[in-house]
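>>> no FASTA, just this:
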């Protein structure tokens, strides 16, 4: 068994903080994609400010705008995060997280966007959340959707449809294979 040293304890604390910060980012992306207001809000402190360029506001106002905008102009969408760096200094952390956004627009071609979330996180009462965010929009383009033969569509989309509420398959607990459900 490894020796429990002060360095090991410090490393474990840092990994715990990094994991909590990453979980915060995932609450944001899942919350916005599922139109789960409470989950999305749980990524922000109530006094947090989000500047997305096209819209800005304190946490609740921004969350309401984002869910409303996606609901009005898109039928489905995905926010995916990838490269993530964070510098932790006590109960404050600064992060940069790359995002890719895809949205199926109503009455327009699908949209693909790339950018970065630049965040200040704060740990309050042992919990990490976003305190301030700037969304750096790097590029937005439209896509030409792939033409899928009708006979394939039933198979490809058999696990859908994509739901933007708590009726989505991702909320089902426990998730059970169809073969075992009968």
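Thanks, I have the structure now. Values in this document were obtained by computation on a predicted structure and should not be read as measured data.
>>> Every contact and neighbour count from this point should use C-alpha atoms.
OK.
>>> where's the residue nearest to residue 142 when sequence neighbours are not counted relative to residue 38, distance?
Nearest non-adjacent residue to residue 142, counting by Cα to Cα, 6 or more residues apart in numbering: residue 111, 4.5 Å away. As judged by Cα to Cα, to the nearest Å, residue 111 and residue 38 stand 26 Å apart.
>>> and these two? which has more neighbours close in?
Between residue 111 and residue 38, residue 111 has the larger neighbour count (other Cα atoms under 10 Å), namely 17 against 14.
>>> Just want the most central residue of the chain.
residue 29 (1.2 Å; Cα atoms, centre = their mean).
>>> List the contacts of residue 99.
Contact analysis of residue 99 by Cα atoms under 8 Å, 6 or more residues apart in numbering lists 79, 80, 81, 82, 114, 115, 116, 117.
>>> which residues in the protein form helices?
6-33, 37-41, 59-73, 150-156, 178-181 (DSSP state H).
>>> so which of these is the most packed in?
Highest mean neighbour count of the helices of the chain: helix 37-41, a mean of 19 (counted as mean count of other Cα atoms under 10 Å).
>>> Give me the spatial nearest neighbour of residue 20, chain neighbours excluded.
Closest residue to residue 20 apart from its sequence neighbours, by Cα to Cα, 6+ apart: residue 128 at 6.3 Å.
>>> Fine by me, we can end here.
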